[in-house]
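**Q** Need a 3D model of the following:
(one chain, ligands or ions: 2)
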Amino acid sequence: MSSHFPISAEEGKMGLVQWLKGQFLCHLVICYGFLVSGLLVNLLQICTLPLWPINKQLARRINCKLGYCLTSQSVALLEWWSGTEVVLYTDPENYRLYGKENAIVVLNHNFEIDFLCGWTFCDIFGVLGASKCLAKKELSYLPVIGWMWYFLEMVFIKRKWEEDKRNFVQSLQNLRDYPENFWFLLHCEGTRFTEEKHQVSMEVAEKKGLPKLKHHLLPRTKGFWVAVQNLRGTVAAVYCCTLNFRNNETPTLLGVLNGEKYHPDLYVRRIPLESIPEDEAECSAWLHKLYQEKDKFQEDYSQTGCFPGPKVTPPRRSWALINWLGWTCLLLYPLCLLLVQLVKSGSILTILATVGFCAAVSVGVRWMIGQTEIKRSSSYGVPLNNK
Ligand SMILES: CC/C=C\C/C=C\C/C=C\C/C=C\C/C=C\C/C=C\CCC(=O)SCCNC(=O)CCNC(=O)[C@H](O)C(C)(C)COP(=O)(O)OP(=O)(O)OC[C@H]1O[C@@H](n2cnc3c(N)ncnc32)[C@H](O)[C@@H]1OP(=O)(O)O
Ligand SMILES: CCCCCCCCCCCCCCCC(=O)OC[C@@H](O)COP(=O)(O)O
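**A** Ligands and ions are numbered 1, 2, ... in the order given. Sure thing, here's the model as predicted:
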């Protein structure tokens, strides 16, 4: 109906801003900033190598700050560029503990930007630089991000228990004296939700006599049990996190880059670690029960559009934006100088080299974004090939 009326100046301005956010040139500037600052961060991380044997805790703290410099750029992209506001449903009693203790975070794995929402909560509670995850080995080869994670002591696994167990336990033990508060993220489903994987995992559930889940894959329990056992005394609680998006949104990282605003809701329950059984079989049964509860929350959410309990929209933190703008200005300056030189020189070779460089940046980041797409999810958890 509103299209019958002339648009206001405000609406026109918003339309222009939205249009700009969709332009390739803007994306190129963002991607250039991310990639070049990322490589600089990687370089600085390499420079901390000699410090590790001398003062390990200082080296770790420096790496947390460097990690923040890079990761928070994507948080700024979500919060300030796309205007997405994350909403938290949680007990206010527990709210004051978030960020002040170490925790294992158990999160569903249905969305292409769930990691980005996770990072945003980490930033809100001041643990972004130190945040960790049990991640598939393939992610450690991702340029910039994967290389950065190596220095942040991220735990990588091949998802083959016999091959993983030694390194997994050792990596967890290493975290026992970590100098900063951290959250350790575990996607117990082990892979992203697809209809095919769901069907297979429900066949496994049936064979095991477990109730079927509608919104989750059957959790794999070994990693959770080992993490809980090895982090007892280091981690205070498990945060049972259930993420969903209003209006049946299926968010993508490309959408975020295009300035699309999403509406994520996260329901967090804090479960003290002491209340989790030590015995493997009991712990496994406990995790299955947790996933049955999470499934119920998702089902209720799909009916009502909200999770239980009071909700809060934490304010965006300016640091992510300041850091992002700082890097952008710093890196745009030499780029502009180069462009001016280019125009002045009129050399075909230089022009071709610059176009090639821009294309490489664009293809490189597009490839990285591709890693987040569910349609490119691995075949892990489907019957013919378990990898
Ligand atoms: C206040 C706000 C709070 C929080 C904010 C939220 C989050 C922020 C926190 C931190 C952010 C930090 C970083 C995030 C950034 C980026 C990274 C993002 C994502 C990367 C994530 C990944 O890479 S996911 C993939 C890797 N992770 C995992 O795989 C973990 C889960 N898996 C495990 O833990 C497994 O146990 C294992 C891999 C360790 C070992 O697996 P394995 O299969 O060898 O052993 P299991 O015993 O576990 O399983 C075997 C049994 O499973 C049965 N089976 C067979 N097929 C299936 C199937 N399809 N589904 C389920 N089960 C199956 C099989 O029958 C075996 O049964 P048995 O009875 O025989 O044991
Ligand atoms: C300003 C920033 C602009 C550009 C941002 C580019 C950022 C690229 C970030 C890449 C981060 C990749 C994290 C992906 C996490 C993920 O979702 O991994 C999937 C695994 O769990 C499971 O894999 P699978 O078995 O294949 O489903």
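**Q** Tell me how many other residues crowd the nearest residue to residue 338 once chain neighbours are set aside.
**A** Excluding its sequence neighbours, the residue lying closest to residue 338 (Cβ to Cβ, 6 or more residues apart in numbering) is residue 354, at 7.0 Å. The C-beta positions use only the backbone N, C-alpha and C, and glycine is treated the same way. Using other Cβ atoms under 10 Å, the number of residues around residue 354 comes to 15.
**Q** Residue 354 contacts residue 342, correct?
**A** Yes. Judged on Cβ atoms under 8 Å, residue 354 makes contact with residue 342 at a distance of 5.7 Å.
**Q** just to revisit the earlier point, does any bit of the one helix or strand the residue nearest to residue 338 maps to sit next to ligand 1?
**A** Assigned by DSSP states H and E, residue 354 belongs to helix 348-370. No. Using Cβ under 6 Å from any ligand atom, helix 348-370 stays clear of ligand 1, with a minimum separation of 12.3 Å.
**Q** Against residue 144, how distant is the residue nearest to residue 338?
**A** Look at residue 354 and residue 144: by Cβ to Cβ, to the nearest Å, they are 21 Å apart.
**Q** Around ligand 2, pick out the residues from this protein.
**A** Within the chain, the positions near ligand 2 by Cβ under 6 Å from any ligand atom are 30-31, 34, 73-74, 77, 115, 136, 145, 187, 191-192, 365, 368-369, 371-372, 377-378, 380.
**Q** Regarding the nearest residue to residue 358 once chain neighbours are set aside, what is its secondary structure?
**A** Distances taken as Cβ to Cβ, 6+ apart put residue 28 closest to residue 358, at 6.0 Å, once the chain neighbours are dropped. Following DSSP: H, G, I helix; E, B strand; the rest coil, we place residue 28 in the helix state.
**Q** so how many other residues sit close to residue 28?
**A** Neighbour count for residue 28, taken as other Cβ under 10 Å: 15.
**Q** Figure out the helix or strand that the closest residue in space to residue 311 that isn't next to it in sequence lives in.
**A** Closest residue in space to residue 311, ignoring its immediate chain neighbours: residue 89 at 4.7 Å, by Cβ to Cβ, 6+ apart. Taking DSSP H and E as the definition, one finds residue 89 inside strand 87-90.
**Q** The next helix or strand after that strand close to ligand 1?
**A** Counting by DSSP H and E, the element after strand 87-90 in chain order, helix or strand, is helix 92-95. No. If you take Cβ under 6 Å from any ligand atom as the test, helix 92-95 misses ligand 1, and the best it gets is 8.0 Å.
**Q** buried ones in helix 92-95?
**A** The neighbour-count check on helix 92-95 (16 or more other Cβ atoms under 10 Å) flags residue 95 as buried.
**Q** If I follow the layout properly, residue 219 ends up in contact with residue 289?
**A** No. Using Cβ under 8 Å, residue 219 makes no contact with residue 289, being 10.4 Å away.
**Q** circling back: quick one, what contacts the residue nearest to residue 338?
**A** For residue 354, the contacting residues are 338-339, 342, by Cβ atoms under 8 Å, 6 or more residues apart in numbering.
**Q** Turn those residues into CSV, columns for neighbour count, secondary structure and pLDDT.
**A** Formatted as CSV, those follow (neighbours: other Cβ atoms under 10 Å; DSSP: H, G, I helix; E, B strand; the rest coil; pLDDT from 0 to 100):
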residue, neighbour count, secondary structure, pLDDT
338, 14, helix, 82
339, 12, helix, 83
342, 15, helix, 80
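**Q** for those, which one is nearest residue 300?
**A** For the contacts of residue 354, the minimum distance to residue 300 (Cβ to Cβ) is 54.0 Å, reached by residue 339.
**Q** Which residue, other than its chain neighbours, is closest to that closest one?
**A** Counting by Cβ to Cβ, 6+ apart, the nearest residue to residue 339 once its immediate chain neighbours are dropped is residue 354, at 7.4 Å.
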